[in-house]
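Enquirer: sequence plus the predicted model coming up.
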Amino acid sequence: MKRMNIKTRTWVLIFGTTITIFVMMNSCAQNKNISAKSGAQLWVENCQKCHNTPSPESFSHEQWITVGMHMQTRAQITDAERDKIVKFLSQ
Amino acid sequence: MESIRGLNRWLFLATVFLSVNIAKAQQPIVDSTLTNRISVLEQQVADQKPGESHFMVVGLATFGYVRNKTTFRPPGGSGQILKTNSFGDAGNYELSPMLLWRHGNNFLIEFEPSFDGSTLEVNWANVSYFAAPGLIIHGGYFVVPFGIYNKKLAAGWMNKLAVDPAGFDLPGTDFGIGLSGTLPLGSMKWTYDISLTNGLQLLSDGQLQNAGTVDNNQGKMVSGRASLLPFSNSSLELGLSGLYNNAGDAGSNFTTAKVSMFGADLNFVKNHNPFLINIKGQYNRLNVTRQNYINQSDSSLYTFNNKTSSLFAQLSIRPVGISNKILKNVELAYRYSNYSTPKNSAWGQNFHENDFGLNYWISWRTVLKFTYAKSHALSTADITAGGIPGITDVNSVYLQFSIEF
C-alpha cells in the first residue's frame, strides 16, 4: 500500500485534530443555569458588551430576526442566545 | 272535486310565493362599504405575511465639529502653530446605510456603502451562511478578524469617544472566506473567527496596505481571533489574535517578505449599581521580516527593523441605575492610546494620545459626544530616508453627533 508522504500526513493530522477539538468543544454541554436564562437577561448581558441595550420597540418581529442574524456575525452569540433575545425583543 | 283542485292550485302557488319571499328575506343586505373594508384588511394581512426573505436598511450617521491646534517643533527650532476648525472633518464624518437581506434562516447578505465626506466607499459586502449551531461560513469583502476594535467598536454610535485610536487600521477589510462561531463551554463560552484573504501588500518604503481585489502574490493571508468568556454572565471577554501573510509583490525584491501580527484584547462590562462600568483594551504588534527598502529621496537601498505596535486602553462610566432622567444618560469616558512605528524608517514616530469624553445619550442609539484629545508625537524617522524630525503636539476639541438608524 502506498504510504502518504509527510506533508499529506501533516495536513490530515491538522484537519483531524481540528475536527476532534471542534466536536469535543461542541460536546461540552451548557450549564443548566446558563441554558435556563431568559431572553431579557441574555439581552442585557450580551448587547451591552458593545453598545446600549436596544429598545424592543425599535424593530418589528421580522426585522428583529434579521438584526439578530447580523448581530450574531458581530457579537458572536450562540444560536440559542440569539433565538431567546430575538423572541424577547419581538414581544 | 273541481273546487278542491282549484284550492290545491291556489295553495301550491301561495306556497311557492311565500318560499320565494322567505328566501329573498334571508339573503344578507350587502353593504359595499363593508366589503371594500374587508378587501383592504385582507390585503393588509397578505402584505404582512412573513415571507421567506426579508430586506431592511439600517446604518449610521456621524457628523460634528472639530477644532485643532497643532504645534510642530523641529529640533532646535521654535514652535510653529497651526489652528483649524471645521465641520465634517474627514475622519469624523460618516453616512453609512447598511442593507441587510435575509434569505430564509440560513443566509444573510450584508452590504454597507459609506460616504466619509470626500469618497464613497464600501465598508463590507459579504454573504454569511449559518451552516450549523456554532458555525457561520462567510465570503466576500469583510472585516478581517483581528482584535475587537475594527469589527465591534468602531461604529460612531458605539465608540465612546469622537476619535478612533491610532494604529488600528490594519488588517482592515479584505476579500476572502472565513468561518466563525460561538460555542458553550459549561458555564463559559468561547468564540472563534478565522479567515483566508488576499492579504497585505508591502510597499517599497516598508509600509503596508491591503492588496485589494487582485492579490499581489500567490500567498494568502491567514488571520483569526479566539476568545474566552470565562464568566456565565458574559461580562468579561479575553481574546487573542494572529495573522500571517506573504506580503511582497510577485517578482519583486520583496518575495521573501513575511508579515506576522499578534494581538490581545480585553472587554469587561459590568453593572455595579448604579454605575455601568465599561473597560476595553487592545494591543497589536506587527513584524515584517528584514528587507531592503527603497529610499524615497535618492532611490538607494536601506533597511530598518520593521516593527509596529499599537495599544489602547479605555474606561467609561455611566450612572444607569439612578433615577434622575438627565444624569442617568450622561457618560464619562477616557482612553489612552499609543502607536509606535518603525524607528529609522521614513515614517517612524512614537505617538501617544489621551482622550477625555463627556457623552449624553439621547436614546439607546443616539449620542452627543464632547471629546477633548491631546496627542504628542516624537519623530524617530531617518532624515536621509525623507523623514521629518521634530515633535508634534495636537490639542483637539470635538463636538459630535452619532445615530444608528
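Expert: Right, received. Where do you want to start?

Enquirer: what does stretch B:141-152 contact?
Expert: A:50, A:74-75, B:122-126, B:158, B:164-165, B:168, B:171-176, B:178, B:180, B:193-195, B:197, B:221, B:223-225, B:237, B:239, B:241, B:243, B:261, B:263, B:265, B:267, B:280, B:282, B:284, B:312 (C-beta atoms under 8 Å, 6 or more residues apart in numbering or on different chains). From N, CA and C alone the C-beta is placed, and that goes for glycine too.

Enquirer: buried subset of those residues, written for PyMOL?
Expert: Buried members of those can be picked out in PyMOL with the line below, counting by 16 or more other C-beta atoms under 10 Å in any protein chain shown:
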select buried, (chain A and resi 50+75) or (chain B and resi 123+124+125+126+158+164+165+168+171+173+174+175+176+178+180+193+194+195+197+221+223+224+225+237+239+241+243+261+263+265+267+280+282+284+312)
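
Enquirer: so which of the contacts of stretch B:141-152 belong to helices?
Expert: A:R74, A:A75 (DSSP state H).

Enquirer: quick one, longest strand in chain B?
Expert: strand B:53-73 (DSSP state E).

Enquirer: tell me which other helices or strands that one touches.
Expert: helix A:61-75, strand B:80-87, strand B:94-103, strand B:391-404 (3 or more C-beta pairs under 8 Å, 6 or more residues apart in numbering or on different chains; DSSP states H and E).

Enquirer: columns distance to B:F231 and mean pLDDT on top of those, output as TSV?
Expert: Shown next, in TSV, are these (distance: least, C-beta to C-beta, whole Å; pLDDT from 0 to 100):
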stretch	distance to B:F231	mean pLDDT
helix A:61-75	16	94
strand B:80-87	43	92
strand B:94-103	31	95
strand B:391-404	27	95
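
Enquirer: including distance to B:K328, could these go into TSV?
Expert: Converted to TSV, the helices and strands packed on strand B:53-73 look like this (distance: least, C-beta to C-beta, whole Å):
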stretch	distance to B:K328
helix A:61-75	24
strand B:80-87	30
strand B:94-103	28
strand B:391-404	19
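
Enquirer: surely B:F312 and B:N284 touch.
Expert: No. At 9.4 Å, B:F312 does not count as touching B:N284 under the criterion of C-beta atoms under 8 Å.

Enquirer: returning to that earlier point: in its sheet, what does the longest strand of chain B sit against?
Expert: strand B:80-87 (antiparallel), strand B:94-103 (antiparallel), strand B:391-404 (antiparallel) (DSSP bridges).

Enquirer: ok, the residue nearest the centre of chain A - contacts?
Expert: In chain A, the centroid-proximal residue (C-alpha atoms, centre = their mean) is A:T78; its distance is 2.3 Å. Counting by C-beta under 8 Å, 6+ apart, A:T78 makes contact with B:P133, B:G134, B:T182, B:L183, B:P184, B:K189.

Enquirer: mind checking which of these are in helices?
Expert: Among those, no member falls in helices (DSSP H).

Enquirer: can you dump the C-alpha atoms of stretch A:57-72 in CSV for me?
Expert: Output of stretch A:57-72 as CSV, limited to C-alpha atoms (Å, rounded to 0.1, in the frame of the first residue of the first chain):
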residue,chain,number,x,y,z
GLU,A,57,-39.9,48.9,20.1
SER,A,58,-37.1,49.7,17.6
PHE,A,59,-38.0,47.0,15.1
SER,A,60,-40.7,44.6,14.1
HIS,A,61,-40.5,40.8,14.7
GLU,A,62,-39.3,40.1,11.1
GLN,A,63,-36.7,42.9,11.5
TRP,A,64,-35.5,41.6,14.8
ILE,A,65,-34.9,38.2,13.2
THR,A,66,-32.7,39.8,10.5
VAL,A,67,-31.0,42.1,13.0
GLY,A,68,-30.4,39.0,15.3
MET,A,69,-28.6,37.2,12.5
HIS,A,70,-26.5,40.3,11.7
MET,A,71,-25.6,40.7,15.4
GLN,A,72,-24.6,37.0,15.6
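
Enquirer: buried residues in it?
Expert: Neighbour counts using 16+ other C-beta under 10 Å place A:58-59, A:62-72 of stretch A:57-72 among the buried residues.
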